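# predicted structure and sequence below. I'll ask about it afterward.
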Amino acid sequence: MSTDIQTIRKLAHLARLEFNEEKEQEMLQDLNKILNWVDQLRELDTESVEPLIHMSEEVNVLRDDEAHNEVSHEEALRNAPKKDSDYFRVPKVLE
């Protein structure tokens, strides 16, 4: 399978790309190489090959997600540079 320069120009237009004539020729050669490689893959006999869902049989083992407070409200406010009763004071960022 091969393609022509008009196909390259149409693909470039759809992808909003611009190529000069030299780059168009390079892209044409590269695209033809890719299409030839895909044709080689099509020749392989994959009739008895099971489709892969994952690359390996390993499964991630994750710890349980348990929520717990490490710092109490009072301890956090004690470390705050500025506070107002039960709240942190921060500079105003919105008008």
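Yep, it's here.
# residue ranges with poor pLDDT in the chain?
Along the chain, the parts satisfying pLDDT under 70 run over 1.
# quick one: the strands in it?
83-84, 87-88 (DSSP state E).
# nearest to H13, out of those?
Nearest of those to H13, taken as CB to CB: strand 87-88 at 53.8 Å. Quick note: C-beta positions are derived from backbone N, CA and C, even for glycine.
# quick one: closest of the strands of the chain to L28.
Taking these one by one with CB to CB, strand 87-88 is closest: 61.2 Å.
# need the contact partners of that closest one.
Under the criterion CB atoms under 8 Å, 6 or more residues apart in numbering, residues L77, A80, K82 lie in contact with strand 87-88.
# can you add distance to L41 and neighbour count and give the residues you listed back as TSV?
TSV is the format used below for the contacts of strand 87-88 (distance: CB to CB, whole Å; neighbours: other CB atoms under 10 Å):
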residue	distance to L41	neighbour count
L77	63	15
A80	61	12
K82	64	9
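# now, which of those sits nearest L35?
The closest of the contacts of strand 87-88, once distances to L35 are taken by CB to CB, is A80, at 62.9 Å.
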